[in-house]
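> Structural data only, the sequence is not supplied:
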């Protein structure tokens, strides 16, 4: 019985971690889409945005890929660059 409980607890933790990773991926995708939408609405190209941000185009492409895990400071920097803050 103890083995069954341990296995169940382990499985539950693994599912919880997978769910949190999934939520994080969804957030990253939503943020990337939101940034792309603002760039499109303002007719700002990736190259122009890279210049505004003082970043290499490859960094901007990472941000827009939906796979980048944004830190709070990066989000703040992007908000400033887009004139949101």
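That came through fine. This structure is a prediction, so every number in the text was calculated from the model and none was measured. Residues are numbered from 1 along each chain as shown.

> List the residues that contact residue 31.
When contacts are counted by C-beta atoms under 8 Å, 6 or more residues apart in numbering, residue 31 is found next to 70, 75. C-beta coordinates here come from the backbone N, C-alpha and C atoms, glycine included.

> Centroid-nearest residue for the protein?
Within the chain, the residue whose C-alpha comes closest to the C-alpha centroid is residue 28; the distance, by C-alpha atoms, centre = their mean, is 2.4 Å.

> That one contacts residue 75, correct?
No. Residue 28 sits out of contact with residue 75 when judged by C-beta atoms under 8 Å, with a separation of 11.0 Å.

> tell me the contacts of the residue nearest to the centre of the chain?
Contact partners of residue 28, counting by C-beta under 8 Å, 6+ apart, are 66-70.

> need the residues you listed in a markdown table with pLDDT, distance to residue 59 and secondary structure, can you?
Formatted as a markdown table, the entries for the contacts of residue 28 read as follows, by pLDDT from 0 to 100; distance: C-beta to C-beta, whole Å; DSSP: H, G, I helix; E, B strand; the rest coil:
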| residue | pLDDT | distance to residue 59 | secondary structure |
| --- | --- | --- | --- |
| 66 | 91 | 15 | coil |
| 67 | 89 | 13 | coil |
| 68 | 90 | 9 | coil |
| 69 | 89 | 14 | coil |
| 70 | 91 | 12 | coil |
